[in-house]
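Participant: here's a sequence, model it:
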Amino acid sequence: MSIDIHCHLTGDDYKEVGGVNAVVERAKEQGVELLICSGYDIPSSLQAKDLAERFDGVYFCAGFHPGELKKYQDGDFEILQKLWSHEKCVAVGEIGFDLHFDDNFPKETQREFFLKQLQYADKAGLPVVIHSRDAALETLEFLREHKELLKKGGLMHCYSYSPEMLTAFLELGLYLSFGGPATFKNANKVQNSVKATPIERILTETDCPYLTPVPYRGVFPNEPKNVQFVAEKLAELKNQDVKEFEKQVEKNAKRLFFKIK
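Facilitator: Sure, this is the predicted structure:
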């Protein structure tokens, strides 16, 4: 089966394509049997929980994305703690650093929220899903500083940094997932990172509704059904039969996100 380890199915992005229910059904028709819907603030985390409760094979993670911290209100961590104890919540996330936009919160504020959520993940006994954009060194140094909080491991989702940095993240026990950009024609850095990632640590994702893979690059919204094209490209880069590759990805997913049944 195909696996979309990181997708966003909340909000209004799928209204023009039949709604979220239709998106999930199309994924299942294409053999995508496991989806993890990622929260990025309180409303999206709650909606991800509701979706996981409605569909077999759909799980979720909950947390505050570094680019969404302006939405934080007192009491939000109490809501998140309840979500993290849910039987289908498989991780704390997505959390991390985003230094791409000028209007994002300062690095130190992002660091404060990142640490707090890492601490909660450690207390809850959950892995973490890490978002890192234009913050490779900041993310690596931070995780090294707090590696004692990574007992249950974590995922560098939509990995986009160099193959050279990859080893350092692997040494922290992290897994790496790749999405649509790995299928793009001139994505040499990402494709070399795929080649350098041990097959036991690799996962597939869409990060939909964005980053639609080839052959539908540019189409919006991206959907979990398109993760098959990611798997085909990663298998090619790893010189693997795609079915055998997907079996390994399934093992990897269930090893990291141990609450998956």
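Participant: which residues of this protein fall in helices?
Facilitator: 20-29, 42-54, 76-84, 107-124, 136-145, 163-171, 188-196, 227-237, 242-256 (DSSP state H).
Participant: distance of the residue nearest to Glu244 when sequence neighbours are not counted relative to Lys88?
Facilitator: Counting by Cβ to Cβ, 6 or more residues apart in numbering, Ala235 is the residue found nearest to Glu244 once chain neighbours are left out, at 7.9 Å. (Glycine included, C-beta is placed from N, CA and C.) Ala235 sits 28 Å away from Lys88, going by Cβ to Cβ, to the nearest Å.
Participant: buried residues in the strand ranked longest in the chain?
Facilitator: The residue-count maximum for a strand in the chain (DSSP state E) belongs to strand 89-98. Neighbour-count burial for strand 89-98 flags Cys89, Val90, Ala91, Val92, Gly93, Glu94, Ile95, Gly96, Phe97, Asp98 (criterion: 16 or more other Cβ atoms under 10 Å).
Participant: from Val219, how far off is Leu72?
Facilitator: Not quite, residue 72 is Tyr, not Leu. Distance from Tyr72 to Val219, by Cβ to Cβ: 33 Å.
Participant: confidence score at Asp207?
Facilitator: At Asp207, the pLDDT value in this model is 98.
Participant: thinking again about what came up before, which one's more surrounded, Tyr72 and Val219?
Facilitator: Tyr72 (15 against 12; other Cβ atoms under 10 Å).
Participant: how about that one, what does it touch?
Facilitator: The contact partners of Tyr72, by Cβ atoms under 8 Å, 6 or more residues apart in numbering, come to Asp41, Phe64, Phe113.
Participant: and the closest residue to the first one other than its chain neighbours, how far from Trp84?
Facilitator: What that stands for is Asp41. What sits nearest to Asp41 in space, not counting adjacent residues and going by Cβ to Cβ, 6+ apart, is Glu68, at 4.4 Å. As judged by Cβ to Cβ, Glu68 and Trp84 stand 17 Å apart.
Participant: please apply the same query to Glu148.
Facilitator: 19 Å.
Participant: these two: which has the busier surroundings?
Facilitator: The neighbour comparison of Glu148 against Trp84 (other Cβ under 10 Å) goes to Trp84, with 23 against 8.
Participant: quick check: the closest residue to the more buried one other than its chain neighbours vs Leu149, distance?
Facilitator: Spatially, and ignoring its direct neighbours in sequence, Trp84 is nearest to Ala124 (4.6 Å; Cβ to Cβ, 6+ apart). With distances taken as Cβ to Cβ, Ala124 is found 11 Å from Leu149.
Participant: next one: Ile260
Facilitator: In terms of Cβ to Cβ, Ile260 sits 22 Å off from Leu149.
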